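A.B. asks: turn this into a structure:
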Amino acid sequence: MSFAGQNATNTTPSDATGAIGPLSYIQLVNTTARIYNRTTHGAIATGTLNQLANIGSANDSFHPQILWDPTTNRFYYVMLTVMKSPTEFRLSFGFSKTDNPTSFTTTDWCKYFYRPADPNRFPDFPRLGDSNKFIIIGVNSGQAPALTYVGSDLIAISKPPAGATCPAFSRFKVGTKLDLRDSSNQRVFTPVPANQVDNSTTGYVVTRNGALPSNKLWFFNVTANASGLPVFGAARGVTVPSYTLPPNAQQPTFTQLIDTLDARNTQAVQAINPDNGLFTFYTQHTIRHPTQALSIVRWYAIDPVPATPVLVRRENIAAGGLFLFNASISPDRRKDGATAQFGDNFLIQYNLSSRVSNVPIRITAASSVNGGALTVKNVRNGVGPYRDFTCPSPGNICRWGDYSSAMPDPRPTTTGRGEVWITNQYSGLANPSASGANFRTWISAIQP
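C.D. replies: Now for the predicted structure:
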């Protein structure tokens, strides 16, 4: 099952993210949002991120995130909002009142703002995850006006009670942990909370090591004290094979390169694997090939529960002469009320391009069934080379985005295994303008 998502309007990159619920799929991209009927794929509602955040159109909202929580039967969202007059930095966040929102108005959503205590702290690159108690947001913070990096932070906000009313913001239990550090008191980078399918009273967050190359990832726990306020645990390291910054990706025809980011983890999903009973944390990042000037994708399955997290499985995904980047990963765990199924299979999707093999930027997926080897399939071919207004000239580096999305279906139409819904962008034009915003997005539901 595949269908076209939202296309470029006036901004790039797409930062495409999405969440599948029991009745609909919601896709957010930079500046716009859409609710799709999960069966017919028709658009139920289309709006802007500013409308979802309930702010005026003169302001800027971007870097959106959305997840489906099967425990509270709600969608949750977060985005970065810059208010223009006067300038103010916010995280706009909220949740659907029911499991079936049909618009982006306040009729269907409860909408709030989180403001950093320091008004000049810019909470960039928000990542959204959750636990039984909290929604958890990780950010990389800059200090205005130059937005110089000053550390990576965590924000935890208690989940709402049952019901379709919107509690006052003062009713929520809110806590922050600024400038996360590893066990040697060195900064870590890009905290990524897991979207928990099987909820726990502990939330788990992964970060990249601050300095590269490195053979460490770091985990932080988020729990609640007796008063319900969030408590942030100390860094716990897990040893992995060495990784470092990837090169930017090449593509056919154009000499513009595609930004493959900086080896940060970009997304995580956590669920029970029924084969071993582990509350497995799945995450991935784009890194440099060990021996070649290529970007590759590495994924991990980690048990973060012990005091020292355990690396259960990991793998590099690489192909000769090809650049791989912008991945997301999810198990096929089904959680729908009292129903809990599957979870011993997973799917990872990513972009792929090459100048040598003449491959425009496409979307590819690989899946593992019951712990087996990966099976690769093409999801959406690129049409031509890519450029936009961020990279109009030969040799420029094109922004490609900080996000793609993979999440398990709470009500899959398949049998034997679950389904994973993905969204990503690809090069969808044969001769893209050097002055436009030219991404195209694609949505797919895939059985591993």
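A.B. asks: so Asn132 sits against Ser200, correct?
C.D. replies: Yes. Using CB atoms under 8 Å, Asn132 makes contact with Ser200 at a distance of 6.0 Å. Where you see a C-beta, it was placed from the backbone N, CA and C, and this is true even at glycine.
A.B. asks: quick one, helices of the protein?
C.D. replies: Assigned helices in the chain, in chain order: 49-53 (criterion: DSSP state H).
A.B. asks: enumerate every residue touching Thr165.
C.D. replies: Contact partners of Thr165, counting by CB atoms under 8 Å, 6 or more residues apart in numbering, are Lys97.
A.B. asks: can you count the residues close to Ala168?
C.D. replies: If you count neighbours by other CB atoms under 10 Å, Ala168 ends up with 7.
A.B. asks: look up how far Pro160 lies from it.
C.D. replies: The gap separating Ala168 from Pro160 is 11 Å, by CB to CB, to the nearest Å.
A.B. asks: cool, Asp60 as well?
C.D. replies: When distance is defined by CB to CB, Asp60 is 27 Å away from Pro160.
A.B. asks: so which of the two has more stuff around it?
C.D. replies: The residue with more neighbours, out of Asp60 and Pro160, is Pro160; 20 against 17, by other CB under 10 Å.
A.B. asks: residue boundaries of the strands in the stretch 201-350 of the chain?
C.D. replies: 203-209, 214-224, 230-232, 236-243, 257-258, 265-272, 279-288, 295-303, 310-317, 323-331, 334-336, 339-341, 345-354 (DSSP state E, counting those that start in this stretch).
A.B. asks: oh sorry, the question was meant for the stretch 51-200 of the chain
C.D. replies: Under DSSP E, counting those that start in this stretch, the stretch 51-200 of the chain gives strands at 60-69, 74-84, 87-96, 109-114, 121-130, 134-143, 148-158, 174-177, 188-193, 195-196.
A.B. asks: wait, which of those is closest to Glu419?
C.D. replies: strand 60-69 (13.2 Å; CB to CB).
A.B. asks: against which helices or strands is that closest one packed?
C.D. replies: Judged by 3 or more CB pairs under 8 Å, 6 or more residues apart in numbering; DSSP states H and E, the packing partners of strand 60-69 are strand 17-20, strand 24-29, helix 49-53, strand 74-84, strand 121-130.
A.B. asks: that strand - what's its average pLDDT?
C.D. replies: Here strand 60-69 scores 96 as its mean pLDDT.
A.B. asks: same thing with stretch 419-430?
C.D. replies: Average pLDDT, stretch 419-430: 97.
A.B. asks: same thing with stretch 325-337?
C.D. replies: Stretch 325-337 shows a mean pLDDT of 97.
A.B. asks: for it, which positions count as buried?
C.D. replies: Under the neighbour-count criterion of 16 or more other CB atoms under 10 Å, stretch 325-337 has Phe325, Asn326, Ala327, Ser328, Ile329, Ser330, Pro331, Asp332, Arg333, Arg334, Lys335 buried.
A.B. asks: then it to CSV, C-alphas only?
C.D. replies: The C-alpha trace of stretch 325-337 is given here as CSV (Å, rounded to 0.1, in the frame of the first residue of the first chain):
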residue,chain,number,x,y,z
PHE,A,325,21.1,8.2,4.3
ASN,A,326,18.0,9.6,6.1
ALA,A,327,16.7,6.4,7.6
SER,A,328,14.0,5.4,10.1
ILE,A,329,13.2,2.0,11.8
SER,A,330,10.3,0.3,13.5
PRO,A,331,9.3,-3.1,14.7
ASP,A,332,5.9,-4.4,13.5
ARG,A,333,4.5,-4.5,17.1
ARG,A,334,0.8,-4.2,17.2
LYS,A,335,-0.8,-2.6,20.3
ASP,A,336,-4.5,-1.9,20.2
GLY,A,337,-6.2,-1.8,23.6
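A.B. asks: centre of the chain to it, how far?
C.D. replies: Offset of stretch 325-337 from its chain centre (CA atoms, centre = their mean, to the nearest Å): 11 Å.
A.B. asks: kindly report the same for stretch 216-232.
C.D. replies: Relative to its chain's centre, stretch 216-232 lies at 20 Å (CA atoms, centre = their mean).
A.B. asks: just the residues contacting that stretch, thanks.
C.D. replies: Residues from elsewhere that reach stretch 216-232 (CB under 8 Å, 6+ apart): 131, 133-134, 136, 154, 156, 158, 173-175, 177, 180, 182, 188, 191, 193, 201-209, 233-240, 265, 300, 302, 304, 309.
A.B. asks: using TSV, lay out the strands of the stretch 201-350 of the chain together with distance to Thr40.
C.D. replies: TSV is the format used below for the strands of the stretch 201-350 of the chain (distance: least, CB to CB, whole Å):
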stretch	distance to Thr40
strand 203-209	35
strand 214-224	38
strand 230-232	40
strand 236-243	42
strand 257-258	33
strand 265-272	26
strand 279-288	30
strand 295-303	32
strand 310-317	33
strand 323-331	23
strand 334-336	20
strand 339-341	24
strand 345-354	23
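A.B. asks: relative to Ala53, which of those is closest?
C.D. replies: Ala53 sits nearest to strand 265-272 of all the strands of the stretch 201-350 of the chain, at 21.6 Å, using CB to CB.
A.B. asks: quick one: strands adjacent to the closest one?
C.D. replies: Neighbouring strands of strand 265-272 in its sheet, by DSSP bridges, are strand 195-196 (parallel), strand 279-288 (antiparallel).
A.B. asks: pick the most buried one from those strands.
C.D. replies: strand 195-196 (a mean of 27; mean count of other CB atoms under 10 Å).
A.B. asks: what's in contact with it?
C.D. replies: The contact list for strand 195-196 (CB under 8 Å, 6+ apart) reads 67, 128-132, 203-204, 268-271, 407.
A.B. asks: show me which of the residues you listed are buried.
C.D. replies: Listed as buried from the contacts of strand 195-196 are 67, 128-132, 203-204, 268-271, 407; burial here means 16+ other CB under 10 Å.
A.B. asks: excluding chain neighbours, what is closest to Asn195?
C.D. replies: Closest residue to Asn195 apart from its sequence neighbours, by CB to CB, 6 or more residues apart in numbering: Leu67 at 4.7 Å.
A.B. asks: next, the contact list for the one you found, please.
C.D. replies: Applying CB under 8 Å, 6+ apart to Leu67 gives the contacts Ala19, Phe75, Tyr76, Tyr77, Leu128, Gly129, Asp130, Asn195, Met407.
A.B. asks: next one: Asn10
C.D. replies: The contact partners of Asn10, taken as CB under 8 Å, 6+ apart, are Thr31, Ala437.
A.B. asks: tell me the pLDDT of it.
C.D. replies: pLDDT, Asn10: 83.
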